[in-house]
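> predicted model and sequence follow; I will ask about them next.
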Amino acid sequence: MKPGARNLITDVPGLLVGNARDDALKSGTTVLTAEAPFVASVAVMGGAPGTRETDLLAPDKSVEAIDALCLSGGSAYGLDACSGVVSGLRARGRGFRIGPAVIPLVPGAIIFDLLNGGEKDWDDNPYAALGRTAFEAASPDFDIGSEGAGTGALTAMTKGGLGSASLVLEDGTTVGALVAANPMGSVTTPGDRHFWAAPFEIDGEFGAMGPDPRPGLGRDLDSRKLRTMLGMDQSRANTTIAIVATDATLTKAQCQRVATAAHDGIGRACVPAHSPGDGDLVFALSTGARAVSGERALSVIGHAASLCLARAIARAIYQARPEPGDILPCWSNLNA
């Protein structure tokens, strides 16, 4: 397996991603759409999710395909970003058709970034406009780090961010991940130099620091970090939300299984993960461009999705950049 040409989720042919951010707000939105509707499902493993229209992605529900997925900052306010994406899709005549009616279906999820130092005293909810802007900006190339839904993201000890990564499998199948990394846990080992995801890094994509060589790291968390991780610091709430994608032809049930497997990537990159205070969620989608068969193929795709997600989380934090008013340093500040 090797990364695709961009090392982004848009290495899956036909996928497009757009970002919008508001630097004063310290928040933003990321939209994934495609040239054609796609099959998708979802798996939630965090204790505090914030979602819109995820029930329709269950394998037993009637909707077969959707046109976009939305990741946003803003907590519950950020769910309105989906409305902006709906408006953009409707303007292009895309959506679920019932007679003459066109109903765009845009599932979405949010991170909590309301206490990150940004200006949150708006009169009108800004997230619908951010969603529409992100949708209109969707293209095969997009920036990661302090962009889109990752604009105001935080981890236990450093700024979070938006990340992405991809892999091309031996049979030519492409798998990718897109993540807004805002975990309660840390993405770095004590000392904030080495990434927990280091064993899965490819070609120095997040600094080539390698794994932390010190033994006993799981028992050696400094007291400040441990206090934050265990939720004893109640000033913030968190979440890691992600999309994994493949061009392999999968059913909704198979997408749900890939989404579940991809959660391993959060566990490999964030310590701890899937806590009561996180809303950890993974969407999985299939563009249906390549035929695959058998449980082994599905297992390999799920494993690849977890590797992409772990790498994407580390890349998000590695690429985060400092901005005025930040309440936490960037990884780059700590390792200059």
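Alright, I've got the coordinates.

> C-alpha only now, for contacts and for neighbours.
Noted.

> skip ahead from the longest helix anywhere in the chain and say which helix or strand is next.
In the chain, with assignment by DSSP state H, the single longest helix is helix 295-319. Counting by DSSP states H and E, the element after helix 295-319 in chain order, helix or strand, is helix 331-334.

> tell me the helices and strands packed up against that next one.
Judged by 3 or more C-alpha pairs under 8 Å, 6 or more residues apart in numbering; DSSP states H and E, the packing partners of helix 331-334 are helix 295-319.

> tell me which residues in the helix it packs on are buried?
Buried residues in helix 295-319, counting neighbours by 16 or more other C-alpha atoms under 10 Å, are found at 298, 301-319.

> do stretch 141-159 as well
Under the neighbour-count criterion of 16+ other C-alpha under 10 Å, stretch 141-159 has 142, 144-159 buried.

> quick check: end-to-end length of stretch 181-194?
One end of stretch 181-194 to the other measures 17 Å (C-alpha to C-alpha, to the nearest Å).

> check the secondary structure at the residue nearest the centre of the chain for me.
Closest residue to the average C-alpha location of the chain: residue 179 at 1.8 Å, with C-alpha atoms, centre = their mean. The local conformation at residue 179, judged by DSSP: H, G, I helix; E, B strand; the rest coil, is strand.

> would you confirm that it contacts residue 309?
Yes. Taking contacts as C-alpha atoms under 8 Å, residue 179 lies within contact range of residue 309: 7.2 Å.

> list the residues that contact both of these two?
Common neighbours of residue 179 and residue 309 (criterion: C-alpha atoms under 8 Å, 6 or more residues apart in numbering): 164, 242.

> helix, strand, or coil at the nearest residue to the residue nearest to the centre of the chain once chain neighbours are set aside?
Leaving aside its chain neighbours, residue 179 sits nearest to residue 242 (4.1 Å; criterion: C-alpha to C-alpha, 6 or more residues apart in numbering). Following three-state DSSP, we place residue 242 in the strand state.

> low pLDDT regions in the protein?
Low-confidence segments of the chain (pLDDT under 70): 218-237.

> which residue ranges of it form helices?
When secondary structure is read from DSSP H, the chain shows helices at 75-78, 81-91, 127-136, 223-229, 252-269, 295-319, 331-334.

> what comes up buried for the last one?
Right, the one you point to is helix 331-334. Buried residues in helix 331-334 (16+ other C-alpha under 10 Å): 331, 332.

> and the contacts of that helix?
So helix 331-334 is contacted by 158, 159, 192, 193, 317, 318, 319, 320, 321, 322 (C-alpha under 8 Å, 6+ apart).

> will you turn the residues you listed into CSV that also has distance to residue 275?
Rendered in CSV, the data for these read as follows (distance: C-alpha to C-alpha, whole Å):
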residue, distance to residue 275
158, 18
159, 19
192, 21
193, 23
317, 20
318, 23
319, 25
320, 23
321, 26
322, 27
